[in-house]
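In: got a predicted structure here, sequence first:
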Amino acid sequence: MADGFKISVKKQRLIDKLHRLVPAARIEVTKAAIKGAEDVATLARRLVPRDTGQLAATIQVEPKTDGYGAVVVAGDKKAYYARFVEFGTQAATAGGRVADNRKGGGRTRKSMRTHPGTKAQPFLFPAARMLKKKNMARIARAITKAAKQVAG
């Protein structure tokens, strides 16, 4: 009896299986997400623009802080410019006004040097977009696998 209601044996078995499904599915989905992140990192390493090769070497998979899944990161202290390559930079001329995103509110500041800006050369987001369907299918298969394990 649960909460004052009488539950049939079949319904109780189903409830028990569903309670076992959550941890089993979480484990399988985490494995699938890590494999998918590794695939994205491998493709991003192939797509990254080559200069010294230092940026490509920093692309790696790190586990999420909650322990479920993984994220792909690029850049480190030496290759801090990963976001500049991915998104590009704004042009600035000495003495000209440029947006100061640090302060917010649409303020501008004077530029102290001349920089022509750089064109975006995305490598991380295109890799993730290219593999999105494959990774979503991999996760769906992982959930099905976990359901079969619990039901079996």
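Out: Cool, got the structure. Numbering: from 1, shown residues only.

In: CA atoms for contacts and neighbours, from now on please.
Out: Will do.

In: pull out the buried residues from the helix or strand harbouring V85.
Out: Element membership for V85, per DSSP states H and E: helix 82-87. Buried positions in helix 82-87, judged by neighbour count with 16 or more other CA atoms under 10 Å: 82-86.

In: helices or strands next to the helix ranked longest in the chain in the packing?
Out: Determined from DSSP state H, the single longest helix within the chain is helix 9-47. The contact analysis (3 or more CA pairs under 8 Å, 6 or more residues apart in numbering; DSSP states H and E) places helix 9-47 against helix 54-58, strand 60-63, strand 70-73, helix 124-130, helix 132-151.

In: contact partners of the second one?
Out: The contact list for strand 60-63, computed with CA atoms under 8 Å, 6 or more residues apart in numbering, reads 34, 37-38, 41, 69-74.

In: repeat for the fourth one
Out: Helix 124-130 has contacts (CA under 8 Å, 6+ apart) with 40-41, 43-44, 47-48, 86.

In: between those residues, which is nearest R138?
Out: V40 (13.2 Å; CA to CA).

In: how close does the closest one sit to K10?
Out: Distance, V40 to K10, using CA to CA, to the nearest Å: 43 Å.

In: look at these two and report which has more neighbours.
Out: V40 (27 against 9; other CA atoms under 10 Å).

In: from P116, how far out is the more buried one?
Out: In terms of CA to CA, V40 sits 31 Å off from P116.

In: still on that earlier bit, ok, and for the longest helix of the chain, which residues are buried?
Out: Buried residues in helix 9-47, counted by 16+ other CA under 10 Å: 20-21, 24-45, 47.

In: then stretch 58-68?
Out: Under 16+ other CA under 10 Å, the buried positions of stretch 58-68 are 58-61.

In: for it, what is the average pLDDT?
Out: Averaged across stretch 58-68, the pLDDT comes to 90.

In: report the contact partners of the most centrally placed residue in the chain.
Out: By CA atoms, centre = their mean, the chain has its centre lying nearest to V71, at 4.3 Å. By CA under 8 Å, 6+ apart, the residues touching V71 are 34, 37, 61-64.

In: about what we covered before: out of the helices and strands packed on helix 9-47, which comes closest to F5?
Out: Closest to F5 of the helices and strands packed on helix 9-47 is helix 132-151 (CA to CA; 24.9 Å).

In: so for the closest one, what gets flagged as buried?
Out: 135, 138-140, 142-143, 145-147, 150.
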